[in-house]
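1. Sequence and predicted structure, then a few things I'm wondering about:
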Amino acid sequence: MRYGAIAQLFHWAVVALLVTQFFLANQAAHSKFVVTIDTGSVNSKDKDRDDTLRGADLFDVRRWPQARYVAEKFTHVSGNKSMALGSLTIRDVSRTVSIEFTFEPEASSPASSTNKGSWLIGSAKLKCLEFGVGQGEWRDTQ
């Protein structure tokens, strides 16, 4: 069974991550993100699609259980919005990726209103094939 939607845009809310260095809103030049993402945390709200995404032809979470984003260049956009420029590595393929994000000090978690803290909330659009996410029958998106 093929899922045509896999080759298209799907939303993946990444909340299971580890940030080892932090963004300093008033010191962007001295900020750095080192973010580790659990690739098995993919959740498109469709179990069958998620199982397929975790498989060997797509994220291959057994072989590459983590993705990594490292950003050292930041630009203030407006208010609490900023842009990070960094390197995203998925399946041992690294590409430069910009992520627009907001810094929310003392906010509720995007996943749970009971977990309060400081949150970086952002998004980016990726072409999965550029990261090797799409092998076998998934390599051809036509």
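-> Great, that's in hand.
2. avg pLDDT for stretch 76-87?
-> Mean pLDDT, computed over stretch 76-87, is 88.
3. what packs against the biggest strand by length in the chain?
-> As assigned by DSSP state E, the longest strand anywhere in the chain is strand 93-108. Under the contact criterion of 3 or more C-beta pairs under 8 Å, 6 or more residues apart in numbering; DSSP states H and E, strand 93-108 touches strand 66-78, strand 81-90, strand 116-123. All C-beta atoms are positioned from the backbone trio N, CA, C, and that covers glycine.
4. Any regions of the protein where pLDDT drops low?
-> 1-28, 105-119, 141-142 (pLDDT under 70).
5. how about 80 then?
-> Low-confidence segments of the chain (pLDDT under 80): 1-31, 43, 103-123, 136-142.
6. Do I have it right that Ile121 meets Glu104?
-> Yes. Shown here, Ile121 and Glu104 form a contact pair, counting by C-beta atoms under 8 Å, at 6.1 Å.
7. got the helices and strands packed on strand 93-108 as TSV, with distance to Ser31 columns?
-> Listed next are the helices and strands packed on strand 93-108 as TSV, based on distance: least, C-beta to C-beta, whole Å:
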stretch	distance to Ser31
strand 66-78	5
strand 81-90	8
strand 116-123	11
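8. Ok, which of these comes nearest Glu137?
-> Across the helices and strands packed on strand 93-108, Glu137 has its closest neighbour in strand 81-90 (19.2 Å, C-beta to C-beta).
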